[in-house]
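1. Okay, here's the prediction I keep looking at, along with the sequence it came from:
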Amino acid sequence: MRHRGWIAGGLVALSVGCMRPAEERALKDLQVGQAEAGGVAFTVEQGLAVVRQAQGGTLTLWGSAPAFHLRAVSSEGATPVWTVVVRNAMPDAELTASAGGVPLPVESLSPPGDRSTVKTWRVTLPVGGEARLTVGSPGWEQPTPFRFVALADVQEALPRVGDIYQHINADPSLRFIFFSGDLTQSGTVEQLEEFESRLLDSRIPLFATLGNHELFNPDPRYQDYYGRGNLHFTFQGAHFTMIDSGNGSLDPLAVEALDGWLAEGKDGVHILGTHIPLVDPIGVRNGAFNSRNEAASILGKLARGGVDLTIYGHVHSYYSFSNAGIPAFISGGGGSIPEQFDGIGRHYLVVNVDPAQGVKSVDLVRVD
């Protein structure tokens with residue numbers, strides 16, 4: 001009986017320990033975008049960029065959104081002149097800075113006419129004061145129609161993902177890639193770094209959440225490279241939310257954040273992306289959330305919050321359907337092993353958004 005008690009106790013402890021498998025990542029999200037160096041404390045608002053390096057008067061960031069704000073609080077004797085490097089930036093991104101409502105001079109160090117996703121500026125911060133820096137395209141806060149790419153599930157096809165980027169590059173109207181997880185096969189440092197190097201072939205940035213394959217590594221490093229798994233940003237009048245469903249569920253911290261983001265986007269166009277579909281339109285392969293009750297609860301939130309579009313990955317094919325009355329698309333065509341006999345092959349989606357009218361169209365674009 002005592003042995004049975006030990007076993008039962010162990011099972012209870014294991015169950016409790018597994019009830020929040022994404023808790024560590026949800027907590028780590030809250031630390032993304034913070035660093036201190038040279039007497040300056042840097043904070044990226046809402047964690048919409050990763051601090052890759054902060055030393056020697058150079059701050060290097062990886063952008064997780066088309067635009068973001070950065071607060072810099074300097075102590076007395078702090079390093080005043082900083083070179084700010086933003087990787088994964090919009091091709092037309094600009095840096096503006098101010099302190100106490102007064103603009104600060106910013107010098108662009110990027111080549112004139114540069115259309116790459118790596119931008120460099122130099123700015124002088126007020127010593128013993130606070131400055132606010134903004135990185136974004138001209139007019140990013142103005143409601144204007146635009147088009148973006150939805151993509152997911154590159155995985156083992158990482159060495160040949162350049163074909164997809166070249167295909168996307170041929171359409172100059174596309175602003176960025178909205179990526180719904182599974183960048184890599186197993187989330188190793190080597191694979192995460194290769195994903196970044198391959199992304200240099202793309203003329204536009206890629207904003208992502210993680211997938212279950214990023215969790216195959218016992219020490220997940222996704223957030224160190226690409227930022228939060230749960231994030232929200234706005235662009236030209238539309239709201240975008242990414243949610244970390246890598247474990248087939250949402251952490252309570254993610255649900256709490258989602259509630260706030262749904263309230264923010266209630267009166268505007270709102271697009272949500274996550275890796276694992278809340279529901280599987282086929283229903284025979286377990287390609288959805290672990291709990292139907294949890295999925296139903298989240299879908300209810302999305303419906304009441306007026307979400308206009310849900311975009312999923314995980315299933316390596318293309319499906320168009322409706323969940324809770326919300327248009328839904330599964331697009332797992334980044335190159336991973338395709339669903340057999342579906343005839344789809346590698347593909348991505350092009351989404352046409354008009355903030356005044358909503359999501360106007362979602363089109364399938366085949367690469368193979």
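-> Arrived safely.
2. Can you give me the neighbour number for the residue lying closest to residue 318 once chain neighbours are set aside?
-> Nearest in space to residue 318, with sequence neighbours left out and distances taken as CB to CB, 6 or more residues apart in numbering, is residue 344 at 4.9 Å. Heads up, the C-betas are built off the backbone N, CA and C, glycines and all. Residue 344 is flanked by 18 other residues according to other CB atoms under 10 Å.
3. next one: residue 160
-> 12.
4. Residue 92: neighbouring residues, count only.
-> Neighbours of residue 92 (other CB under 10 Å): 14.
5. What are the neighbouring residues in contact with it?
-> By CB atoms under 8 Å, 6 or more residues apart in numbering, residue 92 lies in contact with 115, 137, 138.
6. Out of the residues you listed, which comes closest to residue 61?
-> Of all the contacts of residue 92, the one with the least separation from residue 61 (CB to CB) is residue 137, at 15.9 Å.
7. mind listing what that closest one touches?
-> 66, 67, 90, 92, 93, 94.
8. is it true that residue 143 touches residue 234?
-> No. With contact defined as CB atoms under 8 Å, residue 143 does not count as touching residue 234 (9.9 Å).
9. Compare neighbour counts for the two and give me the winner.
-> residue 234 (20 against 15).
10. how much space between the residue nearest to residue 318 and residue 333?
-> Between residue 344 and residue 333 the computed distance is 6 Å (CB to CB, to the nearest Å).
11. residues contacting the residue sitting nearest the centre point of the chain?
-> Nearest to the mean C-alpha position of the chain, by CA atoms, centre = their mean, lies residue 208 at 2.9 Å. The neighbours of residue 208, taking CB under 8 Å, 6+ apart as the test, are 64, 179, 180, 181, 183, 226, 242.
12. Residue 318 now?
-> By CB under 8 Å, 6+ apart, the residues touching residue 318 are 329, 330, 331, 332, 333, 342, 344, 347, 364.
13. cool, and residue 26?
-> Counting by CB under 8 Å, 6+ apart, residue 26 has contacts 229, 230, 244, 251, 252, 253, 254.
14. Determine how far the last residue of stretch 85-105 lies from the first.
-> 16 Å (CA to CA, to the nearest Å).
15. buried ones in that stretch?
-> 85-91, 93-95, 97, 99, 104 (16 or more other CB atoms under 10 Å).
16. Likewise for stretch 253-262?
-> The neighbour-count check on stretch 253-262 (16+ other CB under 10 Å) flags 253, 254, 255, 257, 258, 261, 262 as buried.
17. For residue 336, which residues are in contact?
-> 153, 154, 155, 156, 157, 182, 316.
18. switch to 6 Å and redo it
-> Going by CB atoms under 6 Å, 6 or more residues apart in numbering, residue 336 touches 153, 155, 157, 316.
19. Please, where are all the helices along the chain?
-> Remark: helices assigned in the chain by DSSP state H are 2-18, 23-29, 162-169, 189-199, 222-226, 252-264, 292-304.
20. Pull out the buried residues from the fifth one.
-> Buried positions in helix 222-226, judged by neighbour count with 16+ other CB under 10 Å: 222, 223, 225, 226.
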